Each structure stands twice: as C-alpha cells, then as structure tokens.
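> 3D, please:
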Amino acid sequence: SALTAGTMRLLLVSVEILVDLLVVVGLDIVNVSWTSVPRKLYRLLIATGLAGVLSLPFVLVLQADSEFSTVMHNQVAQVVSMLSASFGSSDPNAVSSLNVDQIVSYVREVVLGNYVFMFFVILTAVWRLGVIFASRSGRTRPAPLMLFTLPAEFLWPILVAWAGVLASRLVHLGAFGYVAWNIAMTGAFLYGLQGVGIVQFLFVRFHIGRGFRLLLVIALLFLVL
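A predicted model of the protein is given here:
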C-alpha cells in the first residue's frame, strides 16, 4: 500500500533526523567511559550495529512503499533528462534508452547494500576528526594509523560475508544479501586502513617525505572506497 504524500514526507524527515541522532549517540558510545569494551574499534562496530537495527524498520517501509518508488523513479528520470539535455541530445528516445527503471534498481541495490557501511565510515571519520582537534588543543598527538591492527578473529566473519556477497550475485538472497554487502564492505574498509597503517610504517622506516606520504595515503583510501 502506498503512503500518502504527507506521511511519506514526514517519514523522510524522520529518517534524516534519525541519522543525525544516531551519529550523536554513536559518538557517545565511542567516547564514554566503558571499561567492559575498552577498544574504540569495538565501540564503533557496536554503534554501527545499533544504527543498522534501529534504521531497519524505516528501510523496510520505504522499500515496500510504491509511492516512494514512484518518487525515486521521477527523480532519476529528471536527472537522466537533464544529462541528456546537457549533452545536446534532441532525440526524445535518448532518455528512455538509458533505462530509468534499471538505474532506479541499481541505486536501490547500492543504497541498501552500503548504507550501514557508509554510516560506519561517517561515524569513524567524525570520531577521528574529534580526536585530532582535541589532541591539538591538549598539545598531544593521536595514535598514528600505523598502530592500528585488526584481531585475527575478524578474518573469518568477513570471509563469510564476502561468500554471502558472491552468493547474492548468483542467487537473490533478499535482505540477507544486503546484510552481507554491508558487513563485507566494512571489513574491506578496516583491512584497507590496516594496509594504510603498514604503508605509513614503511614511510617512517625509509624516511619518505611527509607530503608524498599524505598524497599516497589519500590515493589508497580512494582506491579502498
């Protein structure tokens, strides 16, 4: 059943507010004194898992709503039409040839398969920036990325998640496929950070210039993403 326009607008605004609140709550989980979970990595993962669980009802409602699908289709069609016009196409079939339905389906797959992962990236980035600013005001330096290591136990769950990603490409797994994608991308990001830390260690060991270090680290992060 389709939601009314007013109800859907309220739902979308609620989702935006929920995301902001989840970031604040996530930062609180990471930064509060919590002796039972001392490592920040585990706290970031706990906060991300909590965000995924709390956002699930909103995602399910929006995914199943025909009105929201229509809005998405219209938005994509407008973008495709604008791109077609910007390239000077006068062919009225140019827009339809780009297959708006396929683009909408692809966008849906990307969003559902990465939204929890992107929340983890945003939460991690905001927390790290906060640590850097706090360290500057306190004249202390944050722990360098070269000290970041993942526990060996992380390897098997992430390999299982990537196996789930492969299975979702061969057989449609529905919601399980999206869960596998989010876990797999989070794992890839963490192992990418560990790789960047190893590169930083080699830079320090072989006295590589600071400017070249920063440039290469940024390039590696873009490759990971």
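> can you list the buried residues in stretch 199-209?
199-200, 203 (16 or more other Cβ atoms under 10 Å). Every residue, glycine included, has its C-beta placed from N, CA and C.
> isn't Ala167 right next to Leu173, touching?
Yes. Between Ala167 and Leu173 there is a contact at 6.2 Å, judged by Cβ atoms under 8 Å.
> and Ile208, what helix or strand is that in?
For Ile208, there is no host helix or strand (DSSP states H and E).
> distance of the nearest residue to it once chain neighbours are set aside relative to Val217?
Excluding its sequence neighbours, the residue lying closest to Ile208 (Cβ to Cβ, 6 or more residues apart in numbering) is Leu202, at 7.7 Å. As judged by Cβ to Cβ, to the nearest Å, Leu202 and Val217 stand 12 Å apart.
> count the neighbours of Val15 for me.
14 (other Cβ atoms under 10 Å).
> circling back: want to throw the buried residues of stretch 199-209 into CSV with distance to Ala64, secondary structure and pLDDT?
Shown next, in CSV, are the buried residues of stretch 199-209 (distance: Cβ to Cβ, whole Å; DSSP: H, G, I helix; E, B strand; the rest coil; pLDDT from 0 to 100):
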residue, distance to Ala64, secondary structure, pLDDT
Val199, 44, helix, 81
Gln200, 45, helix, 80
Phe203, 50, helix, 82
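> by average pLDDT, which secondary structure element in the chain comes out worst?
helix 93-97 (a mean of 53; mean pLDDT, DSSP states H and E).
> from the buried residues of stretch 199-209, pick the one nearest Ile103.
Ile103 has its nearest neighbour among these in Val199, at 36.5 Å by Cβ to Cβ.
> any low-confidence regions in the protein?
Along the chain, segments meeting pLDDT under 70 span 1-6, 8, 87-98, 139-140, 224-225.
> at 50 instead, please
Within the chain, no stretch has pLDDT under 50.
> after the strand or helix carrying Leu129, which helix or strand is next?
Using DSSP H and E, Leu129 sits within helix 100-137. As assigned by DSSP H and E, the chain's next helix or strand after helix 100-137 is helix 155-170.
> now do the buried residues in that following helix.
Quick answer for helix 155-170 (16+ other Cβ under 10 Å): 158, 161-162, 164-165, 168.
> distance of the residue most central in space within the chain from Arg128?
Among the residues of the chain, the one closest to the centroid is Met118, at 1.2 Å (Cα atoms, centre = their mean). For Met118, the distance to Arg128 equals 16 Å [Cβ to Cβ].
> could you do Leu221 as well?
Applying Cβ to Cβ to Leu221 and Arg128 gives a distance of 12 Å.
> quick revisit: out of the buried residues of helix 155-170, which is nearest to Gly211?
Nearest to Gly211 among these, with distances taken as Cβ to Cβ, is Ile158, at 33.2 Å.
> and for Ile29, the neighbour number?
For Ile29, using other Cβ under 10 Å, the count is 18.
> where does Phe189 sit: helix, strand or coil?
helix (DSSP: H, G, I helix; E, B strand; the rest coil).
> that one against Phe120, yeah?
Yes. Between Phe189 and Phe120 there is a contact under Cβ under 8 Å: 7.3 Å.
> between the two, which has more neighbouring residues?
Legend: neighbour count by other Cβ under 10 Å for Phe189 and Phe120, higher for Phe120 (23 against 18).
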